[in-house]
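Colleague: Turn this into a model:
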Amino acid sequence: MDMVSHSPVRQLGPVLLAAAALLLGGCAPVYSTTGTLLADYAEDNVVPHVQSTRDTDMATCGTGTGMNQFLASFGRVMHTPDYVMFYTDLLAGYCAAFRAADENLRYLRASNAGDVNEAADARIAEKRWHAIAAERRYSAFRHLTSAYGPLDGDCPDLDAEADQMTYLIGLVVGLQAMQSDARSGLQVGIPRDIAPRAADASRCLDNERWWGAPGAVRATVWTLVPGSRPDDRDIWATYRRSVRLADDAGMRLALALYVNGADNAGNTPELKNAVRHTARIGGDRAPERYVLVDRLATMEVRHFSDQLWTRESGKRTPVGALGRFPGETPAQPDTEGLL
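Modeller: Sure, this is the predicted structure:
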């Protein structure tokens, strides 16, 4: 296939030009039709194209922020295209979160150097970006519930694989919104009941089919909400079962949840173990249609590795060193409970 001539971006160009001509020409009656056309095109072609891209920066800070307001504007003349807006808000949220991560590393470097003003400035910038990420992620979560219904204990119609995938990462982004808000200093005020509702809703998805991620959602909620863990469940054993399924599939979404849960619990040994497992899975074994999900998850894990490296050595994880930490020989991840 000629990937250049048939790419969704090239195909979208004439559509956007035609839409612009109609809009600038003052053809008000066609606004709704144009919006429906573009929303349908984005759902059928742009979303799958972006999900298979390996360029995380283009997807998050390019597509996520670039298409967001244009598509959202059609909510003024038609029903808001929730499915597409879920993805643009999701990606834009990652863009802000990655900027917050860079400011966090700047803060750590300044703290190591004893530069009080630089450290304070970096902390302020980090919290601002976390607030933006929280707002975007909460917006994505609201689009999810608008499209599939509230998380009220009933499972929506998830017969299609694309709907299952969207629902899964929607539950993840709900937890991410809470965590971004917490890291911002609670500037946004994301409802805290998202976490237990997401844990219940994760049971609508098959844990083995979806790489252990639904189970990892539940384990992460147990680290976020005191007293939410059932007496017969162990957080770290649950994560280890998820790691086994993630390794089998080559999909590291559960590992991003694992590393966040370890960070929530202040458990550095488990955090390092999650990083090591992420590195051990390695490579690009993810199904082509879900490459972006795997890469975004890996980038999130890498940030926690960067934090540990920066605290101890003043620099982020060296190229090729994911899974190792300063001052130690290469270590194998703890595989107890995986077999």
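Colleague: low-confidence ranges in the stretch 201-339 of the chain?
Modeller: 329-339 (pLDDT under 70).
Colleague: Where do the helices of it begin and end?
Modeller: 213-224, 235-249, 253-265, 268-281, 291-313 (DSSP state H, counting those that start in this stretch).
Colleague: of these, which approaches Asp82 most closely?
Modeller: Proximity to Asp82 (CB to CB) singles out helix 291-313 among those, at 19.4 Å. Using the backbone N, CA and C atoms, a C-beta is placed for each residue, glycine as well.
Colleague: now the helix or strand containing Ala195 against helix 213-224, angle please.
Modeller: According to DSSP states H and E, Ala195 maps onto helix 194-201. Interaxial angle, helix 194-201 versus helix 213-224 (axes from the mean of the first three to the mean of the last three CA atoms, to 10 degrees): 150 degrees.
Colleague: Which strands or helices does helix 194-201 pack on?
Modeller: Helix 194-201 sits against helix 161-183, helix 213-224, with contacts defined as 3 or more CB pairs under 8 Å, 6 or more residues apart in numbering; DSSP states H and E.
Colleague: What angle do helix 161-183 and that helix make with each other?
Modeller: Using the same axes, to 10 degrees: helix 194-201 against helix 161-183 is 160 degrees.
Colleague: Surely Val50 and Val293 touch.
Modeller: No: assessed by CB atoms under 8 Å, Val50 is found out of contact with Val293, at 10.5 Å.
Colleague: quick one, which of the helices and strands packed on helix 194-201 is packed in tightest?
Modeller: A comparison of the helices and strands packed on helix 194-201 by mean neighbour count, using mean count of other CB atoms under 10 Å, puts helix 213-224 on top with a mean of 26.
Colleague: Identify all contacting residues around that one.
Modeller: 168, 171-172, 175, 178-179, 195-196, 198-199, 202-203, 205-207, 228-229, 233, 235, 238-239, 241-242, 245-246, 251, 253-254, 257-258, 260-262, 264-265 (CB atoms under 8 Å, 6 or more residues apart in numbering).
Colleague: Just the buried ones from the residues you listed, in ChimeraX syntax?
Modeller: To isolate the buried ones among the contacts of helix 213-224 in ChimeraX, judged by 16 or more other CB atoms under 10 Å, type:
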select :168,171,172,175,178,179,195,196,198,199,202,205,207,229,235,238,239,241,242,245,246,251,253,254,257,258,260,261,262,264,265
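Colleague: Grab the nearest non-local neighbour of Trp129.
Modeller: Leaving aside its chain neighbours, Trp129 sits nearest to Ala100 (3.6 Å; criterion: CB to CB, 6 or more residues apart in numbering).
Colleague: What residues does that neighbour make contact with?
Modeller: Glu126, Lys127, Trp129, His130, Ala133, Ser180, Arg183.
Colleague: switch to 6 Å and redo it
Modeller: Listed by CB atoms under 6 Å, 6 or more residues apart in numbering, the contact set of Ala100 reads Glu126, Trp129, His130.
Colleague: hang on, the earlier thing: rebuild the helices and strands packed on helix 194-201 as JSON lines, extending it with distance to Gly189.
Modeller: Converted to JSON lines, the helices and strands packed on helix 194-201 look like this (distance: least, CB to CB, whole Å):
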{"stretch": "helix 161-183", "distance to Gly189": "7"}
{"stretch": "helix 213-224", "distance to Gly189": "16"}
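Colleague: between the ones you listed, which one is nearest to Ser111?
Modeller: Nearest to Ser111, of those and by CB to CB, is helix 161-183 at 16.4 Å.
Colleague: How about residues contacting that closest one?
Modeller: Contacts for helix 161-183 (CB under 6 Å, 6+ apart): 90, 130, 133-134, 137-138, 140-141, 144, 158, 188, 190, 194, 198, 201-202, 205, 210, 213, 217, 220.
Colleague: Apply 7 Å and report the result again.
Modeller: Residues external to helix 161-183 that are found in contact with it (CB atoms under 7 Å, 6 or more residues apart in numbering): 86, 90, 93, 97, 130, 133-134, 137-138, 140-141, 144, 148, 158, 187-188, 190, 192, 194-195, 198, 201-202, 204-205, 210, 213-214, 217, 220, 224, 257, 260, 293.
Colleague: Which parts of the stretch 1-150 of the chain are strands?
Modeller: Here the stretch 1-150 of the chain has no strands by DSSP state E, counting those that start in this stretch.
Colleague: Residue ranges in it under the pLDDT threshold?
Modeller: 1-31, 34-35, 38-39, 41-42, 45, 69, 72-78.
Colleague: if I look at the closest residue to Ala140 other than its chain neighbours, how far off is Met67?
Modeller: Closest residue to Ala140 apart from its sequence neighbours, by CB to CB, 6+ apart: Asp89 at 3.7 Å. Computed as CB to CB, to the nearest Å, the Asp89 to Met67 distance reads 11 Å.
Colleague: neighbour-wise, which of those two wins?
Modeller: More neighbours surround Asp89 than the other of Asp89 and Met67, with 25 against 22 (other CB atoms under 10 Å).
Colleague: so which of the helices of the stretch 201-339 of the chain gets nearest Ala110?
Modeller: Of the helices of the stretch 201-339 of the chain, nearest to Ala110 by CB to CB is helix 291-313, at 10.5 Å.
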